[in-house]
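Visitor: Sequence and predicted structure below; questions after.
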Amino acid sequence: MPNDAGDDQAVQRGPEASRSAQDPSQSAQDPSRSAQDRGALVLVRHGQTEWSRDGRHTSRTDLPLTGHGEEQAAALAPVLGALGPVLVLTSPLQRTRRTAELAGLPAKPDPDLTEWQYGDYEGLTTPQIHQDRPGWTIWTGDPPGGETAGQVGARADRVLAKAATALPSGPVVLVTHGHFGRVIAARYLGLPVDHGRLFALEPAAPCLLGLEHEHPVIQHWNLPNPLDEQ
């Protein structure tokens, strides 16, 4: 399915994507059970849009979900709707708000959860960008006219701080975007922003971040959306 580190190009699952997804005994139901037990942090990327399907970098452009994206979001309802989260935060953009709505999550918009701002690269595919900047990815250099890695990392840290205040009371859900979700994972583990490249994240794929012996860990990552498992 076409999308990648963000709302742009396609990736395949692999060593950088999801250790959990390699085990067929672990389904997308696991995050809800674990989160209820531990009051853990659940992260979900929005469902498919036309630009994510076509591999175009999408940050500020406020696109709706495709029909398939809406079905993906609705397929999360049995998993996430039963969580009983104490806090649900979503990007203010319609693709994330609609994903939360269809998943049965009453969400509060938070501007800090918006996608990495791509500046002059908005709407472009990676091959188009490579015509002028060979080998570029969001992880290797800041987009001209967009956000720096430092700015995006600061936003991720603020989101995690908000989540941390609520987690002692129960599960927290973040509905966000591809690149920014990967930055959240990196910063949660205490890694630099560019380590987000190690965490492939597909549309409407549930993830669970938790603790093991009081240390941050990724318990499940990039699990297949229930619709796409069929």
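Guide: Thanks, I have it.
Visitor: So what does the residue lying closest to His195 once chain neighbours are set aside look like in phi/psi?
Guide: Leaving aside its chain neighbours, His195 sits nearest to Ala186 (4.3 Å; criterion: CB to CB, 6 or more residues apart in numbering). The C-beta positions use only the backbone N, C-alpha and C, and glycine is treated the same way. Reported as degrees, to the nearest 10, the phi and psi values for Ala186 are phi -60, psi -50.
Visitor: number of nearby residues for Ala186?
Guide: 20 (other CB atoms under 10 Å).
Visitor: Over to Leu227?
Guide: Considering only other CB under 10 Å, Leu227 is surrounded by 17 other residues.
Visitor: and what of Trp139?
Guide: 19.
Visitor: same question, Pro127
Guide: 9.
Visitor: For it, pull up the helix or strand it's in.
Guide: helix 126-130 (DSSP states H and E).
Visitor: How far off centre is that helix?
Guide: 22 Å (CA atoms, centre = their mean, to the nearest Å).
Visitor: What residues of the helix or strand that comes right after that helix count as buried?
Guide: Sequence order places helix 149-166 as the next helix or strand after helix 126-130, per DSSP H and E. Buried residues in helix 149-166, counted by 16 or more other CB atoms under 10 Å: Ala149, Val152, Gly153, Arg155, Ala156, Asp157, Val159, Leu160, Lys162, Ala163, Ala166.
Visitor: Next: stretch 215-230.
Guide: Pro216, Ile218, Gln219, His220, Trp221, Asn222, Leu223, Pro224, Asn225, Pro226, Leu227, Asp228.
Visitor: How far off centre is it?
Guide: 11 Å.
Visitor: could you give me the average pLDDT of it?
Guide: In this model, stretch 215-230 has a mean pLDDT of 92.
Visitor: same check, this time on stretch 68-83
Guide: For stretch 68-83, mean pLDDT is 93.
Visitor: CA atoms of that stretch as CSV?
Guide: What follows is stretch 68-83, C-alpha atoms only, in CSV (Å, rounded to 0.1, in the frame of the first residue of the first chain):
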residue,chain,number,x,y,z
HIS,A,68,-10.8,2.9,1.7
GLY,A,69,-9.3,5.1,4.4
GLU,A,70,-12.7,5.5,6.0
GLU,A,71,-13.1,1.7,6.0
GLN,A,72,-9.7,1.4,7.6
ALA,A,73,-10.6,3.8,10.3
ALA,A,74,-13.9,2.1,11.0
ALA,A,75,-12.2,-1.2,11.2
LEU,A,76,-10.2,0.1,14.2
ALA,A,77,-13.4,0.7,16.2
PRO,A,78,-13.6,-2.8,17.8
VAL,A,79,-9.9,-2.4,18.8
LEU,A,80,-9.7,1.2,20.0
GLY,A,81,-13.3,2.0,20.8
ALA,A,82,-13.3,-0.4,23.7
LEU,A,83,-10.1,1.1,25.2
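Visitor: So, low pLDDT: which residues of this structure?
Guide: Residues of the chain meeting the criterion pLDDT under 70: 1-39, 230.
Visitor: For it, which segments count as helices?
Guide: 30-38, 50-54, 67-75, 77-80, 94-102, 126-130, 149-166, 178-188, 226-229 (DSSP state H).
Visitor: Just the buried residues of the second one, please?
Guide: Along helix 50-54, these residues count as buried under the neighbour rule (16+ other CB under 10 Å): Trp51, Ser52, Arg53.
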